[in-house]
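structure for the following, please:
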Amino acid sequence: MCGIFPLFRELVCHNQLADSIMEEDMNLKKYFDTNHGTGVLATADKDGMVDAAIYSRPHVFEDGTVAFLLRERLTYHNVQANPYATYLFVEGGSGYSGIRLYLKMIKEDNDPDLIAKMTRSWLSPQEDKAKGPKHMVHFKIEKILQLIGSEKADIKIT
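This is a model prediction of the structure:
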């Protein structure tokens, strides 16, 4: 069909591609590989005082865990005192599509080689170092909900 209507080829083929992606079993890694947008990581301290900060897409691992690189700021200090967090991801484009990940911190990795490998940065190595140490904090996903409402998202963890 994409070749029959050249004028509408881009729109029709794009929609067919989007439909085929959603028809497949969508897992979290594929979701973040195919969607761009804005992420917010929300944490709370031991007393329940909440913080929210903009974060890039998480690193997704084959075992179904996710990790974020955290600098020694409020978010990092909060997960040291309270292991629970929520990551809200709003897909780019119009409307309000996305997911919410309900997380529990399970470990921290401070291997400098691994952190350097996992860093997605527009900063030079010198600028990155000047901003302070980073820690790779791993989370277990407790549930995934759609961005709006209380329905589970149709995304598998692995």
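
what about the protein, any weak spots by pLDDT?
Scanning the chain for pLDDT under 70 picks out 1-24.

quick one, helices of it?
With DSSP state H as the criterion, the chain has helices at 9-23, 28-34, 74-81, 112-118, 125-130.

neighbours around the residue nearest to residue 36 when sequence neighbours are not counted, how many?
The spatially closest residue to residue 36, leaving aside those adjacent along the chain, is residue 92, at 4.9 Å (C-beta to C-beta, 6 or more residues apart in numbering). Heads up, the C-betas are built off the backbone N, CA and C, glycines and all. As a burial measure, residue 92 scores 10 neighbours (other C-beta atoms under 10 Å).

next: the one 5 residues further on.
By other C-beta under 10 Å, the residues close to residue 97 number 15.

list the contacts of the spatially closest residue to it that is not a sequence neighbour.
Counting by C-beta to C-beta, 6+ apart, residue 97 lies nearest to residue 91, which is 4.4 Å off, once chain neighbours are set aside. By C-beta atoms under 8 Å, 6 or more residues apart in numbering, the contact list for residue 91 reads 35-37, 97-98, 147.

residue 157 against residue 27, yeah?
Yes: using C-beta atoms under 8 Å, residue 157 is in contact with residue 27, at 7.0 Å.

what segments of this protein are strands?
Taking DSSP state E to define them, one finds strands in the chain at 37-44, 50-55, 59-60, 65-71, 84-91, 98-109, 134-146.

any chance of the ones you listed in JSON lines, with distance to residue 117 too?
Formatted as JSON lines, the strands of the chain follow (distance: least, C-beta to C-beta, whole Å):
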{"stretch": "strand 37-44", "distance to residue 117": "21"}
{"stretch": "strand 50-55", "distance to residue 117": "18"}
{"stretch": "strand 59-60", "distance to residue 117": "10"}
{"stretch": "strand 65-71", "distance to residue 117": "11"}
{"stretch": "strand 84-91", "distance to residue 117": "21"}
{"stretch": "strand 98-109", "distance to residue 117": "11"}
{"stretch": "strand 134-146", "distance to residue 117": "10"}
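
quick one, which of these is nearest to residue 115?
Nearest of the strands of the chain to residue 115, taken as C-beta to C-beta: strand 134-146 at 5.4 Å.

what is the neighbour count of residue 127?
10.

and for residue 100?
Using other C-beta under 10 Å, residue 100 has 20 neighbouring residues.
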